[in-house]
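Asker: could you look at this predicted model? Sequence included:
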Amino acid sequence: MKYIATIDGKEYTIEVLDERHIRLDGQLLEVDFTQVSGQPVYSLIINGQSFEAYVHRDEDEWEVLMSGHQYRARIEDEREKRLRLAGGGAATQTGPYHLKAPMPGLVVAIPVQEGQEVKKGEVLLILESMKMQNELKSPRDGVVQRIRVQPGENVEQRQTLLSVE
């Protein structure tokens with residue numbers, strides 16, 4: 001089956017060939033994808049290269065934290081995507097975006113302030129988890145509306161950290 005993955009606005013075509021092989025934009029890859037101990041942590045091996053990812057669903061998208069970068073992903077089969085586009089689902093995002101902690105951790109720094117304009121990809125918050133610092137970035141342009149945490153504060157997974165509108 002073919003899927004369309006939209007990751008931070010860029011589309012990729014994924015065809016699942018069997019449980020160990022996919023075709024990503026025409027390139028054949030050997031993959032192993034396993035959840036670790038029932039947690040939102042996954043082990044991903046692509047052509048022998050190992051990655052660790054924190055993954056959780058947020059409404060109709062997935063949030064993925066991998067190698068210190070946070071990604072927003074929408075996965076649809078070809079039919080779902082056609083139906084969404086036909087129904088007007090391609091409208092621009094409006095309303096507030098609530099940045100949520102992808103995992104439990106410690107807020108290290110918040111390099112933005114309430115009322116500050118931010119651009120897509122700008123770092124909103126640095127979260128430390130499992131001795132790794134992760135830059136959580138804005139998925140769109142906007143204005144920081146409300147910061148709900150402070151540096152040095154421990155946060156739980158899915159806790160709202162701040163809002164951008």
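Answerer: Okay, I see it.
Asker: may I see the buried residues of stretch 1-16?
Answerer: Residues of stretch 1-16 classed as buried: 3, 4, 5, 14 (neighbour count, 16 or more other Cβ atoms under 10 Å). Quick note: C-beta positions are derived from backbone N, CA and C, even for glycine.
Asker: check stretch 27-39 too.
Answerer: Residues of stretch 27-39 include none that count as buried (16+ other Cβ under 10 Å).
Asker: lowest average confidence, helix or strand, in the protein?
Answerer: Here the helix or strand of the chain ranked lowest by mean pLDDT, DSSP states H and E is helix 78-86, holding a mean of 65.
Asker: who's in contact with residue 147?
Answerer: 110, 112, 113, 114, 161, 162 (Cβ atoms under 8 Å, 6 or more residues apart in numbering).
Asker: as JSON lines, the residues you listed with distance to residue 146, secondary structure and neighbour count would be great.
Answerer: Below are the contacts of residue 147 laid out as JSON lines (distance: Cβ to Cβ, whole Å; DSSP: H, G, I helix; E, B strand; the rest coil; neighbours: other Cβ atoms under 10 Å):
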{"residue": "110", "distance to residue 146": "12", "secondary structure": "coil", "neighbour count": "20"}
{"residue": "112", "distance to residue 146": "11", "secondary structure": "coil", "neighbour count": "19"}
{"residue": "113", "distance to residue 146": "11", "secondary structure": "coil", "neighbour count": "8"}
{"residue": "114", "distance to residue 146": "6", "secondary structure": "coil", "neighbour count": "11"}
{"residue": "161", "distance to residue 146": "10", "secondary structure": "strand", "neighbour count": "20"}
{"residue": "162", "distance to residue 146": "6", "secondary structure": "strand", "neighbour count": "22"}
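Asker: flag the shaky bits of the chain, pLDDT-wise.
Answerer: Scanning the chain for pLDDT under 70 picks out 59, 79, 81-94.
Asker: mark out where each domain of it begins and ends.
Answerer: As given by automatic domain parsing, the domain ranges for the chain are 2-86, 97-164.
Asker: which of these sits most buried?
Answerer: Greatest average neighbour count among the domains of the chain goes to domain 97-164 (a mean of 16), per mean count of other Cβ atoms under 10 Å.
Asker: start to end distance for that one?
Answerer: For domain 97-164, the first-to-last residue distance is 5 Å (Cα to Cα, to the nearest Å).
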